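> Fold the stuff below for me.
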Amino acid sequence: MPAYNRAHVISKAINSVLHQTFTDFEFIIVNDCSTDNTVEVINSFSDSRILLINASKNSGAAAARNLGIKNAKYSIISLLDSDDFYEPTFLEESFQVLKNTNEQIGFMWTGLKTINNDKISFSHWEPPFVKSNYITFLHALHIGTNSGISIKKAVFEKCGYFNESLPAAEDTDFFLRITQEFGYTFSHNHLININKTGEDRLSKNYRKIASAYNLFIDQHLPVINKYPKLQKKYFYKLMWLNYHLGKKEIARKYYQKLKKLNLLNVKARRIYFLFEIFPLKLASYIHIKFGH
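Model (predicted):
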């Protein structure tokens, strides 16, 4: 669990781990150079299973996760964000599911309970299989590092860790890499609670996401270009993301690709004219306000 200035919420996350029905675990918390009293809150818990690692410099969640994973001694690793919390049976069910899989299965996820102010919703993701695990995830990827993820350590040893150079979407990059080597399984049970209350979620920071996609998407284009449905999805997304980034030349390149392949739709045309006619700040505001 990475932690940065989470003193006001981290106790609930810690308690949810310490009160699991499965008790044979180590709980690695990586303090990413917090400037509040996060460390004091962590140290207030007296439990020999807690291992607190203090990062040498503030480097973000991906680097903190990697530091924790590299120091993990067990063969299965579960991820938890410091503002989320587990249901009591999360570790027990995740361990039972993964320990009974063959070596080709590398990771799993669970169902979610999402808390957004006064609204609570339940969801789970079961992807329709398309050709291969990798192509399935290219078509639809609806999990992230906070989705009740548990991963065999062998996955990191073979595929590498989270890309610390990415400003966002490091989970997308990671899952697209590991599904080229490993399969997955999942539980429909809602075993993790995701807190969105009052948070400025990264998913809305399109500029960072655009920069990240521009860094890793090229390695996937040979496969994307084999499937018109994937071309339509990614060229459209890369078009509007790059408009938000102010990279009009790149955005226009993807618009022209859609046009050449006869994959343009009304939404793509609207976004093209929106960002070509209006100043960037206004166009971005309109696009975020009214959706894409």
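> which residues touch residue 257?
Shown in contact with residue 257 (C-beta atoms under 8 Å, 6 or more residues apart in numbering): 231, 235. C-beta coordinates here come from the backbone N, C-alpha and C atoms, glycine included.
> ok, 7 Å please
residue 235 (C-beta atoms under 7 Å, 6 or more residues apart in numbering).
> pLDDT at it, what is it?
pLDDT, residue 257: 97.
> for whichever strand or helix holds residue 259, which positions count as buried?
Secondary structure from DSSP states H and E places residue 259 in helix 248-260. Of the residues in helix 248-260, 250-252, 254-255, 257-258 count as buried by neighbour count, 16 or more other C-beta atoms under 10 Å.
> and what of stretch 24-44?
27-32, 34, 38-39, 41-42.
> Which ones among those residues map onto strands?
Under the assignment DSSP state E, the buried residues of stretch 24-44 contribute 27-31 to strands.
> Just give me the closest of the residues you listed to residue 191.
Distance to residue 191, by C-beta to C-beta, is smallest for residue 27 among these, at 16.6 Å.
> Now do the contacts for the closest one.
17, 49-51.
> Go through those and say which is closest to residue 189.
Relative to residue 189, the closest of these is residue 17; by C-beta to C-beta it sits at 17.4 Å.
> Quantify the burial of that closest one by counting its neighbouring residues.
21 (other C-beta atoms under 10 Å).
> would you list every one of the helices in the stretch 1-150 of the chain?
Using DSSP state H, counting those that start in this stretch, the helices of the stretch 1-150 of the chain run over 10-18, 38-43, 61-70, 90-99, 133-139.
> Go through those helices and pick out the most buried.
Comparing the helices of the stretch 1-150 of the chain by mean neighbour count (mean count of other C-beta atoms under 10 Å), helix 61-70 ranks first with a mean of 21.
> and that helix, what does it pack onto?
Packing partners of helix 61-70 (3 or more C-beta pairs under 7 Å, 6 or more residues apart in numbering; DSSP states H and E): strand 2-3, strand 27-31.
> Please repeat the previous calculation with a cut-off of 10 Å.
On a contact count with 3 or more C-beta pairs under 10 Å, 6 or more residues apart in numbering; DSSP states H and E, helix 61-70 meets strand 2-3, strand 27-31, strand 50-54, strand 76-78, helix 153-159, helix 170-178.
> Pop the domain breakdown of the protein in here.
Listed by automatic domain parsing, the domain ranges of the chain are 2-202, 205-290.
> Would you check how far apart the nearest residue to residue 142 once chain neighbours are set aside and residue 40 are?
Using C-beta to C-beta, 6 or more residues apart in numbering and skipping the chain neighbours, the partner closest in space to residue 142 is residue 125 (4.5 Å). Look at residue 125 and residue 40: by C-beta to C-beta, to the nearest Å, they are 37 Å apart.
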